[in-house]
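Engineer: 3D model of this:
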Amino acid sequence: MEKKKGMKGNRYDVIIVGGSYAGLAAAMALGRALQNVLVIDEGKPCNAPTPYSHNFLTNDGRSPAEIAAVAKEQVMNYPGVQFLIGKAIGAKKEPDGFGIEVLSGEKFHAEKLVFATGIRDILPDIEGLQVCWGKSVLHCPFCHGYEVRGRKTGVLLNNEKTFEFVKMIANWTKDLTLFTNGKANLSTDQRDILLRKGIKVIEKRIQVVKQESGQIHEISFSDGTCYSLEVLYAPSPFEQHSTLPAELGCAMTADGYIQIDEQYETTVKGIFAIGDNASRMRTVANAVAMGTMAGMGLVKKLVEERFIDASSINRF
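Structural biologist: Below you'll find the predicted structure:
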């Protein structure tokens, strides 16, 4: 990593772990406020398989990689922002802030720490499903529903949220089938409503998702039968992409997100979380909004803390 003019050692005002949309937005707000920032990014965004991003004003239909590249270029125009390609593997609380260690062995230090590390989807162990993820096997109708509207669509889900999710997907298509991959977790009333709406419920075990270049065309069941399909929504459980927040003592919500307050600060003072790791709203627009607000909030905290700290009076 080449140091920019004015950088001193491995100490920064803020370290941001995760350099996708939320992390870059926070870095821009901090950089514009004359803070020295290090963004550490592994280069593995959760939306990498998705060819196009939608529902983000001014960038609708552009690829996630293209949006991120432009964002990084703009953020790096600010002298106070550094970007390091690497994986953060260790973190610890220090007397004057926090320390981060990356896979290369380098160690960095900062007053404040931001995790924009995202989440990792845990997909069902069904052959062919993974290669379709983000292309024709989807998680969110607000991100992809318009592009696949009216197509022969399925929902792969079987929990207490199934009925509500199927109702939502029915807004984008009238040719809809629910696949529960086993005995359906539906009440008698819910099943009757779906059937009256023309929504089929198939409880057979799925063996293979048949596809070409990530485009699903058929589901094969364990009994040897098949069902043709063009789109499959498969909202899945997830896990935190990074274990570092938990290792530092950051509390998690019952749903598995990092717990934050209105200023995006975690339960550990000085540590903040933004983006998918702390919000169920998995959109680029929300990630950018969270990053921007967190960055501005961090500036306010840093300025206030230094304003009353006599040792920082000659900082600039």
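Engineer: show me the helices in this protein, by range?
Structural biologist: Here the chain has its helices, by DSSP state H, at 21-32, 64-75, 129-132, 141-144, 162-169, 188-196, 244-247, 284-307.
Engineer: give me whichever of those helices is most buried.
Structural biologist: Ranked by average neighbour count under the criterion mean count of other C-beta atoms under 10 Å, the helices of the chain are headed by helix 21-32 at a mean of 28. Just so you know, the C-beta spots here come from the backbone N, C-alpha and C atoms, and that holds for glycine as well.
Engineer: starting at the chain centroid, how far to that one?
Structural biologist: When distances are taken as C-alpha atoms, centre = their mean, to the nearest Å, helix 21-32 is centred 16 Å away from the chain's centroid.
Engineer: centre-most residue in this protein?
Structural biologist: What sits nearest the mean C-alpha location of the chain, by C-alpha atoms, centre = their mean, is residue 276, with 3.3 Å.
Engineer: these two touch, right, that residue and residue 23?
Structural biologist: No - at 11.2 Å, residue 276 does not count as touching residue 23 under the criterion of C-beta atoms under 8 Å.
Engineer: nearest to residue 222, of the helices of the chain?
Structural biologist: Nearest to residue 222 among those is helix 129-132 (14.8 Å), distances taken as C-beta to C-beta.
Engineer: residues in contact with the closest one?
Structural biologist: The contact list for helix 129-132 (C-beta atoms under 8 Å, 6 or more residues apart in numbering) reads 123, 137, 209, 211, 214-216, 232, 234.
Engineer: what stretches of the stretch 151-300 of the chain score poorly on pLDDT?
Structural biologist: In the predicted model, the stretch 151-300 of the chain carries no residue with pLDDT under 70.
Engineer: can you flag the buried ones in the contacts of helix 129-132?
Structural biologist: 123, 137, 209, 211, 214, 216, 232, 234 (16 or more other C-beta atoms under 10 Å).
Engineer: of all these, which comes closest to residue 87?
Structural biologist: For the buried ones among the contacts of helix 129-132, the nearest to residue 87 is residue 123 (22.4 Å; C-beta to C-beta).
Engineer: hang on, isn't that closest one packed against residue 236?
Structural biologist: Yes - counting by C-beta under 8 Å, residue 123 does reach residue 236; the two are 5.3 Å apart.
Engineer: distance of residue 62 from residue 114?
Structural biologist: Per C-beta to C-beta, to the nearest Å, residue 62 is found 25 Å from residue 114.
Engineer: and if you look at residue 40?
Structural biologist: Residue 40 is 10 Å from residue 114, by C-beta to C-beta.
Engineer: and these two? which has more neighbours close in?
Structural biologist: Neighbours were counted for residue 40 and for residue 114 using other C-beta atoms under 10 Å; residue 114 has more, 31 against 24.
Engineer: longest strand anywhere in this protein?
Structural biologist: strand 107-115 (DSSP state E).
Engineer: partners of it in the sheet?
Structural biologist: According to DSSP bridges, strand 107-115 forms sheet pairs with strand 11-17 (parallel), strand 97-102 (antiparallel), strand 271-273 (parallel).
Engineer: what does the first one contact?
Structural biologist: I take that to be strand 11-17. Residues contacting strand 11-17 (C-beta under 8 Å, 6+ apart): 23, 26-27, 30, 35-40, 82, 88, 91, 98, 100, 108-117, 242, 244, 298, 302.
Engineer: around residue 44, how many other residues sit close by?
Structural biologist: 12.
Engineer: and which of the contacts of helix 129-132 is nearest to residue 177?
Structural biologist: residue 232 (9.4 Å).
Engineer: against residue 91, how distant is residue 107?
Structural biologist: Taking C-beta to C-beta, one finds residue 107 at 10 Å from residue 91.
Engineer: who's more crowded, these two?
Structural biologist: residue 91 (21 against 12).
Engineer: surely the more buried one meets residue 114?
Structural biologist: No - Residue 91 is beyond contact range of residue 114, at 11.7 Å (criterion: C-beta under 8 Å).
Engineer: wait, residue 120 sits on residue 242?
Structural biologist: No - the criterion here is C-beta under 8 Å, and residue 120 misses it with residue 242 at 9.4 Å.
Engineer: what about the strands in the stretch 151-300 of the chain?
Structural biologist: 153-156, 176-179, 200-202, 206-212, 215-221, 226-228, 231-233, 238-240, 271-273 (DSSP state E, counting those that start in this stretch).
Engineer: format those as a markdown table; extra columns: distance to residue 188.
Structural biologist: Listed next are the strands of the stretch 151-300 of the chain as a markdown table, based on distance: least, C-beta to C-beta, whole Å:
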| stretch | distance to residue 188 |
| --- | --- |
| strand 153-156 | 19 |
| strand 176-179 | 15 |
| strand 200-202 | 12 |
| strand 206-212 | 24 |
| strand 215-221 | 24 |
| strand 226-228 | 24 |
| strand 231-233 | 24 |
| strand 238-240 | 31 |
| strand 271-273 | 42 |
